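[1] sequence plus predicted model, see below.
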Amino acid sequence: MKNICLLGSTGYIGINSLEVIKGNPDRYRIVALGAGRNIDLLLDQIKEFTPRFAAVINADLAKELKIRLNNMTDTEVLYGMGGYMEIATLSDVNMTIVAMTGSSGLLPTFSAITTGKDIALANKETLVVAGSLLMEESKRGGVNIFPIDSEHSAIQQSIQGHRREDLRRIILTGSGGPFKDFPIERLSKVTPKEALRHPKWRMGRKISIDSATLLNKGVEAIEAKWLFNVEMDQIEILLHPQSIIHSMVEYMDGSIIAQLAIPDMRIPISYALSYPRHLKGELPSLDLSAIERLSFEKPDKERFRCLELSLAAGKIGESMPAVLNGANEIAVNAFLEGKIGFLEIPQIIEKTMDKHQTFPINSIDQAIEADQWAQSRAKKVLERMVGKS
């Protein structure tokens with residue numbers, strides 16, 4: 001029996017994680033749930049899974065949740081970053097699933113690693129902001145980090161049973177998002193509603209925009225660098241609109257190993273929780289005879305400027321990936337609020353990166369400092385941009 005703390009329980013990954021856990025009651029038990037503001041859904045989850053602890057974003061929501069629970073369970077309610085860190089490090093937790101969005105997942109993830117918890121990681125920003133620190137700490141404590149991303153799960157499955165020194169390159173695939181074939185002149189006029197309409201995956205708001213800009217593919221390359229101990233130059237990105245091959249690994253002799261599956265996040269979630277086993281699920285098999293073709297193409301660098309910026313940040317290293325992440329959070333939020341256009345997202349990121357003097361990330365405090373500097377700088381860029389419009 002694996003005791004689990006789930007951070008981000010009311011988001012898309014969290015909901016699907018609970019589906020996997022519910023389907024395997026003899027293997028997994030929810031000990032703690034962490035959510036943000038959606039206490040309606042959290043309340044239902046608490047009633048169903050009866051965790052010992054639950055955490056929400058602030059004291060007011062914690063008070064409201066306690067009132068609505070009305071002693072129907074023994075669940076203790078905590079709040080804030082301290083609450084998230086506390087439930088992530090509970091003594092009887094074996095694994096912490098990190099499905100929080102943004103850099104808010106950094107401290108709980110690091111705390112869980114330092115207390116010996118295995119991590120099932122769906123939060124991209126954590127490895128981008130402080131990848132070297134997290135990987136060093138996980139090695140020091142003998143902690144496993146299992147990726148929930150479909151791409152990194154595919155890579156993990158494709159390297160099983162192979163010598164790491166035989167690896168030549170990793171091929172990350174991506175659907176290309178909703179604007180892969182849009183005329184470039186139309187991109188300046190796309191709306192948040194259009195950008196949120198991903199052709200293959202149902203995801204949260206921020207990751208949907210990151211998928212539309214293709215920044216997420218560059219970020220996934222940075223993640224792959226840390227997770228699989230490769231150089232950025234060993235990672236190639238190909239657009240694969242069918243979303244059937246979730247990534248590939250090429251070896252020195254030219255052999256390429258790929259992982260194929262229907263596009264459903266419950267598959268990588270299940271593998272992260274059950275590694276190295278593939279547990280029986282209720283999803284349909286992939287019907288290869290029904291697929292007319294599998295196509296691949298290189299991403300258009302002019303169309304997807306955010307991809308180029310994120311790959312550049314990964315190559316520069318040190319504090320620059322954290323700056324990329326912080327600036328992107330501000331830019332994406334501004335786009336979702338209708339303050340800027342789609343093509344102004346990379347402009348904010350690039351202007352923020354251009355002003356940054358990189359420094360080594362040797363502590364969590366330094367990682368947070370870089371992220372906060374980037375958010376502050378990006379807000380100034382945004383204010384000037386909005387003021388001119």
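    Cool, got the structure.
[2] show me where the stretch 101-250 of the chain has its strands.
    118-121, 145-147, 167-174, 235-239, 245-251 (DSSP state E, counting those that start in this stretch).
[3] for the longest helix anywhere in the chain, buried residues please.
    The longest helix of the chain (DSSP state H) is helix 364-388. Buried residues in helix 364-388, defined by neighbour count with 16 or more other C-beta atoms under 10 Å: 364, 366-368, 370-371, 373-375, 377-379, 381-382, 385. Quick note: C-beta positions are derived from backbone N, CA and C, even for glycine.
[4] wait, which of the residues you listed is closest to H152?
    Among these, A367 lies closest to H152 (C-beta to C-beta), at 20.4 Å.
[5] let me see the confidence value for that closest one.
    You'll see A367 listed with a pLDDT of 95.
[6] for the residue lying closest to it once chain neighbours are set aside, give me its contacts.
    Ranked by C-beta to C-beta, 6 or more residues apart in numbering and with sequence neighbours excluded, the top spatial neighbour of A367 is A130, at 3.9 Å. A130 makes contact with L106, F110, A322, I361, I364, A367 under the criterion C-beta atoms under 8 Å, 6 or more residues apart in numbering.
[7] same deal with I237?
    Contacts of I237 by C-beta under 8 Å, 6+ apart are I171, L172, T173, G174, K217, G218, A221, K298, P299, L307.
[8] rerun at 10 Å
    151, 170-174, 214, 217-218, 220-221, 247, 298-299, 304, 307, 311 (C-beta atoms under 10 Å, 6 or more residues apart in numbering).
[9] can you give me the distance of it to D118?
    Using C-beta to C-beta, to the nearest Å, I237 is found at 28 Å from D118.
[10] I'd say N144 and T96 touch.
    No - N144 lies out of contact with T96 (C-beta atoms under 10 Å); the separation is 11.3 Å.
[11] identify the contacts common to the two.
    In contact with both N144 and T96: I113, K117, D118, I119, A120, using C-beta under 10 Å, 6+ apart.
[12] find the nearest non-adjacent residue to the fourth one, please.
    In space, I119 comes closest to I145 once its chain neighbours are excluded; the distance is 4.7 Å by C-beta to C-beta, 6+ apart.
[13] ok, the second one next?
    Leaving aside its sequence neighbours, K117 sits nearest to T96 (C-beta to C-beta, 6+ apart; 4.8 Å).
[14] quick one: the spatially closest residue to H356 that is not a sequence neighbour and Q347, what's the gap?
    Leaving aside its chain neighbours, H356 sits nearest to V323 (4.8 Å; criterion: C-beta to C-beta, 6+ apart). Using C-beta to C-beta, we find V323 at a distance of 15 Å from Q347.
[15] which one's more surrounded, those two?
    Neighbours around V323 and Q347, counted as other C-beta atoms under 10 Å, are more numerous at V323. The numbers are 27 against 16.
[16] mind checking the SS state of that one?
    helix (DSSP: H, G, I helix; E, B strand; the rest coil).
[17] distance of it from N144?
    Distance from V323 to N144, counting by C-beta to C-beta: 29 Å.
[18] ok, Y271 next?
    13 Å.
[19] what touches both of these two?
    Residues within reach of Y271 and of N144 at once, by C-beta under 10 Å, 6+ apart, are A120.
[20] of those two, who's got more company?
    Legend: neighbour count by other C-beta under 10 Å for Y271 and N144, higher for Y271 (25 against 13).
[21] where do the domain boundaries of this structure fall?
    In the domain annotation for the chain, the residue ranges read 2-147, 165-256+297-388 (automatic domain parsing).
[22] can I get the ones you listed in CSV including distance to K280?
    What follows is these, written out as CSV (distance: least, C-beta to C-beta, whole Å):
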stretch, distance to K280
domain 2-147, 9
domain 165-256+297-388, 20
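[23] if we can go back for a sec, only the buried subset of the contacts of I237, as a ChimeraX command please.
    Listed next is the ChimeraX selection for buried residues among the contacts of I237, using 16+ other C-beta under 10 Å:
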select :151,170,171,172,173,174,214,217,218,220,221,247,299,304,307,311
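[24] quick check: closest non-adjacent residue to I345.
    That would be A331: by C-beta to C-beta, 6+ apart, it lies 4.4 Å from I345.
[25] count of residues packed around that neighbour?
    Neighbour tally, A331, other C-beta under 10 Å: 28.
[26] check the one 3 residues further on too.
    One way to gauge burial is a neighbour count; for A334, by other C-beta under 10 Å, it gives 21.
[27] also Q156?
    22.
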